[in-house]
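1. missing the sequence, but the structure's below:
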DNA sequence: TTCGTAACAGCAGACGGTTGCAACCGATCA
DNA sequence: TGATCGGTTGCAACCGTCTGCTGTTACGAA
C-alpha cells in the first residue's frame, strides 16, 4: 500500500479508502489507485486487517480425528459454508485426548479465531476448558460429541431415534434376543443409543436383559472379544446392534472367519453409514448420519451468531438420521 | 499486556521482555510480571506477534478433497508434525477444481502463511498460479499430485514401481491378458501407473495391447461402464488392475451383481489401500500408500526449508509403496 | 570527588492496515 | 468580500507486540 501511495503521490489512507471503494474519494483517484493495485498485484495483509479490526475472519475447528470419514465430511461442510461467507478455517484434531483438546483450544484462541466449532474427544470428562471459553465470551458451537449442560448452541443427531429405528427394524424382522454392543458407558452416544435400543424393546414388549448389553473399548481386540463372546452365549441372540459401524465391521469379519452366516445365523446392524458398511459382504444395515449437513448447520449457526443474525440464546439443533436397510439385517425377509 | 503493565506500574516493554525471559531484567521484576500474567490468564495475541515478526507460524494446506481417506491421512501427518514444531495449519480443499485451487492459494497467501503444502486438483492443467508463488518466493512443497517441471520440492510415491509390483504379481499368478483401468490420461498418476504396468508386461514378454487399456472418468457411471465393457471383450481378460481402489470396488460390486466370481473368473487389483479395500468380499489386492508418512515428510521438509535447516535447492522425495496381496488377485494360487 | 560501567527500565517506532477528524480547495451566497 | 459549504485528501492515532536506543541509578575504582 505504501508503494502504491508513493507511486501515485497520494497518502496511504487514500489508498486504503480507494481499495474499500469509499464514496468520499474522487472517482478518478479511486480508479487510478485500483488500477495500480491490480498492476502491482497488491494483496491486503489479512493479519494487519485482523489486528486492526480485532476480527480475524477465521474459525477454529476441533475434531477427534480427521481421518474418520464422518468428521472429514463435517469439516468439508464447514469449509464450504465458511468459504462462501468469507471465513477461513483452522482445523485441529484432538486425537481423542483431552489434553490435546485443551491445547488446541489455547492455540486457536491465541490465534484470535472469531469462533470455534468443537466435537469433544472420547476422553473428555471434565469441562472447565469449555466453561472458560464461555466465561471469556468466546463464541463456540458444539457438534456431534457434545456436553449437554453447557449453555451454548449444539448440533447433534437424534441418536435415540436412530437407535430406536434400527432396533425396531430388527424386531420387525422377527428378532427378540437383540444384543447392543456399546462403547464405554460414559460416552454420550453410548447412552443415547442405549436409550433408543431400550425404547424399541419396550415398545415390542421385550424385557431388558442386562447380559445382552456388551461393552467394547472400541479397539480391534475389544471388538473381536465381544464378537466371540456373543457366540458363546447360552441362548444365542438373533440379532446384534453395534453402536458404530467399525465395530460392526470387525464383528462381521470375525464371524465370517468362524463360519457364521450373516444374516441367516445372526443379523447385524451398525450406526453411522461409513463407506465401508456399503461394501462389506453382506452389506451392513446401518443408520446414516449426514456429516456434511451437520458441519454446514453448525458453522451456519456460528456465523449467524458472529454476524449478529442469530439471537444470543443458545439453541439445540437435532438432525434426523435415516435407517439404511441392507442385507446384513434381513434375518427373516420383510414382507413386501 | 497493557493491563499487566498498569497493575505493576511498569512499562509495556518491560512486560514484553519479562515474558520472553529477557536476561536484562531484574529477576524480581520478572518474577512478579510472570506471576501477574499467569494470574490474569494472559495469552499473547498471535496476530500481533505475526504482524510484528512477519512470520505467522502458520502453514497452508490444499488438498483436492478432505473426505478422501488418503488425503485425510496426509493432513493428519501434517498436523502432527506442524503442531510439535510450533506451527498451525490452515486447510483448504480444491474440490478438484483449478479455480478453487487458485482461490485457496490467494486466501492462504493473504493470510500470510509461512509456507504451503499443495496437492493439485485433477482439473489443474495450467500452472501459472504455481509459478507465481515461485516468483514471489513463497515457500511451498508439492505432494502426491505434483507437476514435475516446477523447481520446488516434491514428495511423491513411486507410482511406477507400485504399479509394476502389482502387475508383476498378477503375471506371476498366471494372468497374461491384463486390463489396466486408467483415469483420464493427462493425470500424473494415470501416466505413471501405466508406465509400471507396461514395464511389468515387457519384463514378462507380454506384448502391449491397446484394447486392454480402458479409460474411466472416475465417476460411478464411468466405472460401471468399463466393468461391463470388460466382460464383453472377445477374449476375456484374466486380470484387471484398476488405477485406484474406488474404481476397483465399483468394478467388483458390479461383477458380483452379474454373477462373476472373483478371483476365479477374473482377478482384480487396485491401488491406494483404502479402508474399503480390506473389507470388501473378496478382500482386494492393492498397493499401500502411507499417506500419514507422506504428510509428515512433506511438512518436515517444508519446515526445514523455512527454518533454514534444508538447502534452498528443491529436492524430490520418492516414497516406496507396498504391495498388499489379498484374495481378489489369487486367480491361480501362488506356490508356497 | 569524579568517572566509567553495569544493571535495569522506558520511549518510540515499526509491522500493515483503518478511520475520526482536521484541513484545504474552489464555488456559492448574503 | 468574507462566511459557508460540499467535496476531497492527509494527518495521526490505533490494533498488540517487539526491540534499538536512550536515560537513570548505583556502585566501585581511580
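-> Perfect, I can see it now. This is a predicted model, so every value here is computed, not measured.
2. hey, let's count contacts and neighbours off CA atoms from now on
-> Noted.
3. Please list the residues of the stretch 201-336 of chain A that sit near DNA strand C.
-> Residues of the stretch 201-336 of chain A that fall close to DNA strand C, judged by CA under 7 Å from any atom of the strand: none.
4. Break down the stretch 201-336 of chain A into its helices, ranges please.
-> Here the stretch 201-336 of chain A has its helices, by DSSP state H, counting those that start in this stretch, at A:220-231, A:245-257, A:275-279, A:291-306.
5. DNA strand D is nearest to which of those helices?
-> Minimum separation from DNA strand D across these (CA to the nearest atom of the strand) falls at helix A:291-306, 18.1 Å.
6. name the helices or strands packed onto the closest one?
-> On a contact count with 3 or more CA pairs under 8 Å, 6 or more residues apart in numbering or on different chains; DSSP states H and E, helix A:291-306 meets helix A:69-84, strand A:115-118, strand A:140-143, strand A:154-157.
7. which bits of chain A sit near DNA strand D?
-> Checking chain A against DNA strand D by CA under 7 Å from any atom of the strand, the hits are A:9-14, A:24-27, A:29-30, A:48, A:51-54.
8. Which of those residues fall within helices?
-> A:12-14, A:27, A:29-30, A:48, A:51-53 (DSSP state H).
9. ranges for the helices of the stretch 51-200 of chain A?
-> Shown for the stretch 51-200 of chain A, the helices assigned by DSSP H, counting those that start in this stretch span residues A:69-84, A:98-110, A:128-135, A:159-172, A:188-203.
10. Can you tell me which of those helices is packed in deepest?
-> Highest mean neighbour count among these (mean count of other CA atoms under 10 Å in any protein chain shown): helix A:159-172, with a mean of 23.
11. so for that helix, what's the average pLDDT?
-> Average pLDDT, helix A:159-172: 96.
12. Report all helices and strands that that helix contacts.
-> helix A:188-203, strand A:239-242, strand A:286-288, strand A:322-324.
13. the inter-axis angle of it versus helix A:188-203?
-> Orientation note: helix A:159-172 sits at an angle of 40 degrees relative to helix A:188-203 (axes from the mean of the first three to the mean of the last three CA atoms, to 10 degrees).
14. interface residues of the stretch 1-150 of chain A facing DNA strand C?
-> A:1-2, A:12-14, A:16-17, A:19-20, A:43-45, A:48-49, A:51-53.
15. Could you identify the buried members of those?
-> A:1, A:14, A:16, A:19, A:48-49, A:51 (16 or more other CA atoms under 10 Å in any protein chain shown).
16. and chain B, which of those residues reach it?
-> For chain B, the contacts drawn from these by CA under 8 Å from any CA of the partner chain are A:48, A:51.
17. TSV for the buried ones among the residues of the stretch 1-150 of chain A next to DNA strand C, including pLDDT and distance to residue B:156?
-> Putting those into TSV (pLDDT from 0 to 100; distance: CA to CA, whole Å) gives the following:
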residue	pLDDT	distance to residue B:156
A:1	86	39
A:14	93	48
A:16	93	43
A:19	93	41
A:48	95	36
A:49	94	37
A:51	94	38
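18. would a markdown table of the buried ones among the residues of the stretch 1-150 of chain A next to DNA strand C with distance to residue A:267 be doable?
-> Formatted as a markdown table, these follow (distance: CA to CA, whole Å):
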| residue | distance to residue A:267 |
| --- | --- |
| A:1 | 68 |
| A:14 | 72 |
| A:16 | 67 |
| A:19 | 65 |
| A:48 | 60 |
| A:49 | 59 |
| A:51 | 58 |
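19. Next one: residue A:331, what pLDDT does it get?
-> 73.
20. who's in contact with it?
-> A:173-175, A:262-267 (CA atoms under 8 Å, 6 or more residues apart in numbering or on different chains).
21. Distance of it relative to residue A:241?
-> For residue A:331, the distance to residue A:241 equals 13 Å [CA to CA, to the nearest Å].
22. just residue A:100 next, same as before
-> For residue A:100 relative to residue A:241 (CA to CA), the value is 32 Å.
23. From the chain's centroid, how far away is stretch A:236-252?
-> 22 Å (CA atoms, centre = their mean, to the nearest Å).
24. which residues are in contact with it?
-> Surrounding stretch A:236-252, the residues in contact under the criterion CA under 8 Å, 6+ apart are A:166-167, A:170, A:175-183, A:189-190, A:193, A:218, A:220, A:223-224, A:226-227, A:230, A:262, A:265-274, A:276-277, A:280, A:286, A:329, B:279.
25. mind redoing it with 7 Å?
-> A:170, A:175-183, A:190, A:218, A:223-224, A:227, A:266-274, A:277 (CA atoms under 7 Å, 6 or more residues apart in numbering or on different chains).
26. Can you give me the buried ones in stretch A:146-160?
-> In stretch A:146-160, counting by 16+ other CA under 10 Å, buried: A:146-147, A:152-160.
27. Same check on stretch A:209-228?
-> Buried-residue list, stretch A:209-228, by 16+ other CA under 10 Å: A:212, A:214-216, A:218, A:223-224, A:226-227.
28. can you tell me which two in the buried ones among the residues of the stretch 1-150 of chain A next to DNA strand C are farthest apart?
-> The span of those, defined through CA to CA, is set by A:14 and A:51 at 19.9 Å.
29. burial measure for residue A:25, as a count.
-> 14 (other CA atoms under 10 Å in any protein chain shown).
30. now the residue lying closest to it once chain neighbours are set aside: how far from residue A:42?
-> Closest residue to residue A:25 apart from its sequence neighbours, by CA to CA, 6 or more residues apart in numbering or on different chains: residue A:18 at 6.9 Å. As judged by CA to CA, residue A:18 and residue A:42 stand 13 Å apart.
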